[in-house]
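>>> Here's my sequence, what's the structure:
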Amino acid sequence: MASKAKPVLPLLEAGPVPLVQLRAQAKKQLVDLIDSRRGKKALILDPAISGSLTQLDAGLSELFTEHGIIKLLYLERVRLDDAIYNASEPHLSDVRPILYVARATLENAQLIAWQIKSSSARSPNRHEYSVFWVPRRSVAVEHVLEDEGVYGDVIQGEFPLDMVPLDDDVLSLELDSAFRECTLEGDPSSLFYTASALMRLQYTYGLIPRIQGKGPAAAAVKDMAIRIRKEGPLPLAAATACRIHRAIILDREIDPITPMVTQITFEGLIDEITGIKNGSVMYTPSKREGAGPAGGGDGGRSRPGSTLLNSTDPFYKEFRDLPYYITSQRLQQYARDARKEYAELGSKDLSELKTFVKGLPKLLLLDRLSDLAVPVAEVVKEQAFHDRLKAEQDILEGYDVEESVQYIQEQMWRGAEALAVLRLLSLFSSCCGGLPKKHADSMRSEFLAAYGHQHLATLNNLEKAGLVKPQGSSSTRSSTFASLRKGLRLIVDDPDQMTANPSDISYLHKGYAPISIRLVEAAVKGGWGPVAEVLSILPGAQFDILQVLDPDGRVVDRPYKAVAAAGEAAVGEPETVLLVMLGGITFTEISALRFLSSKPGSNFRFLVLTTKIINGKSLLETFFDPAAKNSRKANF
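Prediction:
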């Protein structure tokens, strides 16, 4: 087949609550800020938000052109008159209004100020500059512009792009470094943005009656949200409405283990191997001209491109949350059925041919899915992949410390990717309460010897964040995960879970249940009372409050009590639960939530709000020191 099905953005109408209005509002705000400057103009985008904008409109380039953008560039350390920015017509020198849309960071403010100063020195008054900070401007970035002497040359505004709907049940703030900022730098900006987003959801969908949470960052977000609510009370219509019945706020700090475990769901593996960013993935379509649908007669590979991944593709929606070994079996069966039907075309009558033609769009989607599976299949068939899964499972089960140390050391000696080794070290450290004393120094030295001393700052960063650290003097630290493993039933050794009809979330990790999802599961099944002792092991405060209206119509907070509370879902009505995951969530954790809601008898629908969708690699990358990032041994 010569053509390819064109993926589309999710409709955002089939989830626990309709998210389409959030996307429509963000798109309108984007158009309004562009239209705020008349005539033809240039747009310089922060690369960190360009991907998020593609989730607002599938035809983003056409939208920009329609509203007067004649030159689209990306923010980098390049002078405005540099050839890189002026390789094609029109040149920037011919465009007077220049719009910047960038995250409100000190680095971006310094870079924008440098570009404006360097341009003004050569050609004063050539351009009119506007900067729109995402999601809001801060005192810090204004100080930078003032200190650099360009404050008066810039018209500043805000583009309040906070929540980006990635699918019907997933909202992301797209804050790549939120976990690092909280644990290493003590920067609460991401927490404030999350609290603001939580309040915006309540303005849109009504008061959330019950809010639970665990972890230091979770408690901070809860306090910030309450303060924002008191400063700008909810309208009566929102205060009396209730479309989200409960929010559970969890801090990644209470579960640093799950991201370090290799994902084996289809979507999780695509993210691990190819990388899913802003809901899209790079892939290389196969050339199938003259071949049957869904494979057969592969004529080589076309040029790489990107494609959106979401629930609009019925095959992807079916496969994404399944372990890869189940997905591959189903995908092969669908491909066989498609080839068989294609081979029988000559014997079909006219009505049957019409039916076949109507089904062609689905066959194109199946072709695309097969192409996405190619790099995953190449990795999964390697013995090294399965050896790593076994090593991770041994660490999780506390099987043999010495054997785990030996495996990690062997990975260093064999030249495995630095990030892959750090991921193992982090998993080992978290499960053992730190690197064992007798091995900590030697493992650190061997890592630096294998990958270079430019990683010294990276190791220090990871130690400060608590991800890779030596064991303390207290023996209780080493028994923490063992207590969690038993109290939350994190390891399920049941062959029945590996069948086509599993009953527990642990099948998504071949026997390991994420701490985060076990806490959600306990919360919705009857509360955290039965696991209170286990919760006390985890860092940070625990809370469970109700938001209710007092006789004067004001929203007040009260401790939750296990009695029927105002705002809870009516009998027979599914309860909509918002999981707020600070520091990031993995695709497999999202799959586990979908599994819980799909179980027979389940009365819960889950909506996810997260700072970012992550895996162990993307989480650890944020802790890399710049010198390590630039080194060849970082193996990016």
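
>>> The helix or strand harbouring Gly213: partners in the sheet, and parallel or antiparallel?
Element membership for Gly213 (DSSP states H and E) is strand 210-214. Take DSSP bridges as the rule and strand 210-214 pairs in its sheet with strand 246-251 (parallel), strand 542-549 (antiparallel).

>>> Contacts for it next, please.
219, 221-222, 225, 245-251, 254, 519, 523, 528, 535, 538, 540-547, 560, 565, 567-568, 580 (CB atoms under 8 Å, 6 or more residues apart in numbering). For every residue, glycine as well, the C-beta is placed using N, CA and C.

>>> Buried subset of those, written for ChimeraX?
Here is the ChimeraX command that selects the buried residues among the contacts of strand 210-214 (16 or more other CB atoms under 10 Å):
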select :219,221,222,225,245,246,247,248,249,250,251,254,519,523,528,535,538,540,542,543,544,545,546,547,560,567,568,580
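
>>> re earlier: from the chain's centre, how far out does the strand holding Gly213 sit?
With CA atoms, centre = their mean, to the nearest Å as the basis, strand 210-214 stands 21 Å off its chain's centre.

>>> same deal with stretch 551-563?
Stretch 551-563 has its C-alpha centroid displaced from the chain centroid by 33 Å (CA atoms, centre = their mean).

>>> ok, residues contacting that stretch?
With contact meaning CB under 8 Å, 6+ apart, stretch 551-563 is reached by 207, 210, 212, 226, 229, 233-234, 236, 239, 527, 529, 544-550.

>>> which of the residues in it are buried?
555, 560.

>>> Could you do stretch 170-190 as well?
170-184, 188-190.

>>> Could you export that stretch as PDB, CA atoms only?
C-alpha atoms of stretch 170-190 as PDB (Å, rounded to 0.1, in the frame of the first residue of the first chain):
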ATOM      1  CA  VAL A 170      -4.400  11.700  30.600                       C
ATOM      2  CA  LEU A 171      -3.400  15.300  31.300                       C
ATOM      3  CA  SER A 172       0.300  16.300  31.500                       C
ATOM      4  CA  LEU A 173       1.900  19.600  32.600                       C
ATOM      5  CA  GLU A 174       4.900  18.600  30.500                       C
ATOM      6  CA  LEU A 175       7.400  19.700  33.100                       C
ATOM      7  CA  ASP A 176      10.500  17.600  32.300                       C
ATOM      8  CA  SER A 177      12.500  18.400  35.400                       C
ATOM      9  CA  ALA A 178       9.800  18.500  38.100                       C
ATOM     10  CA  PHE A 179      11.300  15.700  40.200                       C
ATOM     11  CA  ARG A 180      14.800  17.100  40.000                       C
ATOM     12  CA  GLU A 181      13.600  20.500  41.000                       C
ATOM     13  CA  CYS A 182      11.800  19.200  44.000                       C
ATOM     14  CA  THR A 183      14.300  16.700  45.300                       C
ATOM     15  CA  LEU A 184      17.600  18.300  44.300                       C
ATOM     16  CA  GLU A 185      17.100  22.100  44.000                       C
ATOM     17  CA  GLY A 186      14.200  22.700  46.400                       C
ATOM     18  CA  ASP A 187      12.400  24.600  43.700                       C
ATOM     19  CA  PRO A 188       8.600  24.400  44.300                       C
ATOM     20  CA  SER A 189       7.500  26.000  41.000                       C
ATOM     21  CA  SER A 190       6.200  22.700  39.500                       C
END
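
>>> pLDDT of the strand or helix carrying Arg336, averaged?
Assessed by DSSP H and E, Arg336 sits inside helix 324-343. Helix 324-343 carries an average pLDDT of 78.

>>> That one packs against which elements?
Applying 3 or more CB pairs under 8 Å, 6 or more residues apart in numbering; DSSP states H and E, we find helix 324-343 packed against helix 266-273, helix 314-319, helix 360-380.

>>> Could you pull out the buried residues of the helix or strand following the last one?
This points to helix 360-380. Per DSSP H and E, the first helix or strand lying C-terminal to helix 360-380 is helix 383-397. Applying a neighbour-count criterion of 16+ other CB under 10 Å, the buried positions in helix 383-397 are 385, 388-389, 391-396.
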